[in-house]
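J.: Just to be clear, the model below is a prediction. Sequence and coordinates:
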Amino acid sequence: MVARVQLPASCRAGEIITVRLVIQHPMETGFRYDVRGNRVEKNVISQLTCRYNEVEIFRAEMGSGIAANPFLQFHTIARQSGDLVFEWVDDRGVRGEERARLLVTEA
Amino acid sequence: MSVRIAAALVQVMAFCALSTFANAADKAPRSGIEYASAELRAMQADDFANPGMLWVARGEKLWNAPAGRDRRSCAGCHGAAEKSLRGAATRYPQTDRASGRFLNLEGRINQCRSERQDAGVLSYESEELLALTAYVAHQSRGLPVAVVIEDSDRERLTRGREIYYRRQGQMNLACTHCHEQNAGKRLLAETISEGHGNAYPIYRLEWQTAGSLHRRLRACYFGIRAERPPFGSDDLLNLELFLADRAKGLTVETPGVRR
């Protein structure tokens, strides 16, 4: 499972920044059948959180309606430099983690 | 998709019978992305939104990861791919001088793995092979397709051209009927492209994943209800060579994004 995070190269304290995350995942809907006619078990990233300096700032609960390789984008306010830590788990219990460093310069 | 596409193909067949045969081969080739919607073009152009970049990122990890008995990585021999493999993908498929085997990029990667890394062959459409192929081809992004037709490849080029212009399958269609004579027109919701291979491996929205040129070619065989040649077979390799020769002048876009 590969994931990529995009943050601005640097930003000022108080600035609204865009955070983008993309995760490689099949997001199996549970509605599909394989060539032998057996139902393919549902397997989506059901829980995802993002913590910024240990404070949760974003949470997503995804289901069958989200396409494969989900691409999430949200906004937050830059406070001080620190790590954004993304953690997620899919229906099979496979966990993933990705972190990115946010560089904040004083306003 | 098959029934509706098949019905639309019947319409194209009827259209082919009526239309005068304009020769698209005389014109400069246009990449498939030029036939795509603005949203799709934006998705391909944005290196973060382009889902194919996930495979490139995975490929970079594999490139640097030790593999095989000697625990030797690709980078162990080739060094930084940005330098050593810049432009390499533009010259495939080609004949390997040492073994005389005709290889596309997937074949070359597998040859390296089996003979130099002793790491075993990766199967077609496996995540690892797609990732490595995407990563290697990505190093040639922006460079023109520059396949060299050696004397030993002439026969393959001829055979590839024959496949391209030969009617086959229950639809009795050849590649040329859609991709030359009707490029730019609609096939239901799709716009028919010229069928160039300059962006492969691509991320195809219909597949919800990345796929090789051979997977896409097999999808076309399925669409015209013809027997699908196996992955990596001579038929597909010859067709790949013909397509590469035909795509000269286009730049490599890997990883492309298509519907």
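T.: Perfect, thanks for sending it. Numbers count the residues shown, from 1 in each chain, chains lettered A, B, ... in the order given.
J.: residues touching A:Ser81, list them.
T.: By Cβ atoms under 8 Å, 6 or more residues apart in numbering or on different chains, A:Ser81 lies in contact with A:101-104. Quick note: C-beta positions are derived from backbone N, CA and C, even for glycine.
J.: go again using 10 Å as the cut-off
T.: A:10-11, A:13, A:53, A:101-105 (Cβ atoms under 10 Å, 6 or more residues apart in numbering or on different chains).
J.: likewise B:Ala42?
T.: B:36, B:49-50, B:257.
J.: What mean pLDDT does the helix or strand containing it get?
T.: Under the criterion of DSSP states H and E, B:Ala42 resides in helix B:38-45. Mean pLDDT, computed over helix B:38-45, is 96.
J.: Could you tell me the per-residue confidence at the nearest residue to A:Leu72 once chain neighbours are set aside?
T.: Counting by Cβ to Cβ, 6 or more residues apart in numbering or on different chains, A:Leu72 lies nearest to A:Leu21, which is 4.8 Å off, once chain neighbours are set aside. At A:Leu21, the model reports a pLDDT of 97.
J.: so who does B:Ala89 touch?
T.: Residues in contact with B:Ala89 (Cβ under 10 Å, 6+ apart) are B:104-105, B:108, B:133-134, B:136-141, B:143, B:145-146, B:198, B:200, B:252, B:254.
J.: try B:Gly211
T.: Residues near B:Gly211 by Cβ under 10 Å, 6+ apart: B:55, B:124-125, B:130, B:200-204, B:218-219, B:258.
J.: that older thread, export the contacts of A:Ser81 to CSV and tack on neighbour count, pLDDT and distance to chain B?
T.: Formatted as CSV, the contacts of A:Ser81 follow (neighbours: other Cβ atoms under 10 Å in any protein chain shown; pLDDT from 0 to 100; distance: Cβ to the nearest Cβ, whole Å):
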residue, neighbour count, pLDDT, distance to chain B
A:Ser10, 13, 91, 17
A:Cys11, 19, 94, 17
A:Ala13, 13, 93, 24
A:Asn53, 13, 94, 23
A:Arg101, 10, 95, 17
A:Leu102, 21, 95, 16
A:Leu103, 12, 95, 18
A:Val104, 18, 94, 21
A:Thr105, 11, 91, 23
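J.: Redo those as a markdown table? Include secondary structure and distance to A:Gly37.
T.: Putting the contacts of A:Ser81 into a markdown table (DSSP: H, G, I helix; E, B strand; the rest coil; distance: Cβ to Cβ, whole Å) gives the following:
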| residue | secondary structure | distance to A:Gly37 |
| --- | --- | --- |
| A:Ser10 | coil | 54 |
| A:Cys11 | strand | 52 |
| A:Ala13 | coil | 58 |
| A:Asn53 | coil | 50 |
| A:Arg101 | strand | 48 |
| A:Leu102 | strand | 49 |
| A:Leu103 | coil | 53 |
| A:Val104 | strand | 55 |
| A:Thr105 | strand | 59 |
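J.: Pick the one among the residues you listed closest to B:Ala28.
T.: Closest approach to B:Ala28 among these (Cβ to Cβ): A:Ser10, at 43.0 Å.
J.: by how many degrees do the helix or strand following the helix holding B:Ala42 and helix B:38-45 diverge?
T.: Following helix B:38-45 in sequence order, the next helix or strand is helix B:52-64 (DSSP H and E). Orientation check (axes from the mean of the first three to the mean of the last three Cα atoms, to 10 degrees): helix B:52-64 against helix B:38-45 gives 20 degrees.
J.: so where do the strands sit in the stretch 51-200 of chain B?
T.: Counting by DSSP state E, counting those that start in this stretch, the stretch 51-200 of chain B has strands at residues B:94-95, B:102-103, B:186-187, B:190-191.
J.: Which among the ones you listed is found nearest to chain A?
T.: Counting by Cβ to the nearest Cβ, chain A lies closest to strand B:190-191 out of these; the figure is 18.7 Å.
J.: Good, we can wrap up now.
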